[in-house]
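A.B. asks: Just the structure for this:
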Amino acid sequence: MVLITTLLAAQANAEADFGDMSADQKGLAIAEQVKARDRGWNDSRAAMEMQLYRRDKLLATREMRIQALEVVDDGDKSLTIFDTPRDVQGTAFLTFTHVLEDDEQWLYLPALKRVKQISSKNKTSPFMGSEFSYEDLNSFEVPRYSYTWLRDEPCGDTTCFVILARSKDPYTGYSKETIWIDKDEYRPLKVKYYDKRQSLLKTLTLSDYLKYLDRFWRPGKQVMVNHQSGNRTVILMKDYQFNTGLTGEDFTRNSLMRAR
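C.D. replies: Modelled structure (predicted):
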């Protein structure tokens with residue numbers, strides 16, 4: 001109870017405390033608030049629909065299930081299972097995000113009946129033909145980036161912090177990311193990704209947020225637009241469940257191959 005009270009007090013006073021901070025300190029403090037407000041969900045399950053567009057033409061729709069496990073003192077684990085269409089049915093993707101070490105990712109391909117490990121050098125590749133890269137699918141962990149607060153500005157019906165984040169990962173596909181975070185609930189609303197040449201590559205927009213367990217916000221819709229190709233991927237999320245009893249045993253290479 002003391003810990004919860006301390007966290008809530010820190011959240012309530014976060015903006016007031018920003019006044020005497022440098023831009024870098026403020027950017028870090030905002031990122032820490034984003035993470036602090038999303039701790040304690042333990043595990044979750046959800047249904048996911050992925051829509052792939054080539055410019056304005058819908059090419060494919062895929063139905064998946066995703067389950068996730070919160071890991072204390074490290075990054076989260078997640079397992080994504082493809083249900084439809086038939087050509088990808090049974091494909092499963094397992095991710096272990098780490099705070100400072102290299103992430104671990106595996107893809108199970110049922111047609112080949114084998115598990116393929118995604119190397120750190122290849123995580124800039126597109127995930128299953130989408131505009132999301134393997135790098136984009138890791139959980140958000142504060143120490144993986146350096147931060148700078150840029151400004152506050154109106155965004156929709158609210159006001160956002162705008163911060164600059166630079167990955168410390170030598171294999172990242174991005175030179176920088178600009179992130180819009182609403183000042184009321186500390187939810188990411190938009191992310192702009194820049195390639196290694198400093199050109200705008202992609203924009204991710206997150207919307208249709210719902211609050212679960214009176215505490216945890218999750219977006220119902222995510223749209224990733226690739227400005228260089230004109231393609232986009234839409235992800236729709238629904239049927240979130242929390243505290244379903246998942247453990248580390250549900251996130252192993254063996255569970256990846258058994259996923260149905």
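A.B. asks: show me what contacts Val191?
C.D. replies: Neighbouring residues of Val191 by CB atoms under 8 Å, 6 or more residues apart in numbering: 177-180, 203-204. C-betas here are computed from N, CA, C, even on glycine.
A.B. asks: Over to Asp195?
C.D. replies: Residues counted as contacts of Asp195 (CB under 8 Å, 6+ apart) are 173-175, 201, 228.
A.B. asks: Which members of the residues you listed are classed as buried?
C.D. replies: Using 16 or more other CB atoms under 10 Å as the burial test, the contacts of Asp195 include 173-174, 201 as buried.
A.B. asks: and the residues you listed as a markdown table, adding pLDDT, secondary structure and distance to Val71?
C.D. replies: Below are these laid out as a markdown table (pLDDT from 0 to 100; DSSP: H, G, I helix; E, B strand; the rest coil; distance: CB to CB, whole Å):
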| residue | pLDDT | secondary structure | distance to Val71 |
| --- | --- | --- | --- |
| Gly173 | 96 | coil | 24 |
| Tyr174 | 98 | coil | 24 |
| Leu201 | 98 | strand | 29 |
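A.B. asks: Make JSON lines out of those and add distance to Gly129.
C.D. replies: As requested, those are exported to JSON lines (distance: CB to CB, whole Å):
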{"residue": "Gly173", "distance to Gly129": "17"}
{"residue": "Tyr174", "distance to Gly129": "20"}
{"residue": "Leu201", "distance to Gly129": "17"}
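A.B. asks: and which of those is nearest Gln33?
C.D. replies: Tyr174 (22.5 Å; CB to CB).
A.B. asks: Return the helix or strand in the chain with minimum mean pLDDT.
C.D. replies: Least confident helix or strand, the chain: helix 2-12 with a mean of 42, by mean pLDDT, DSSP states H and E.
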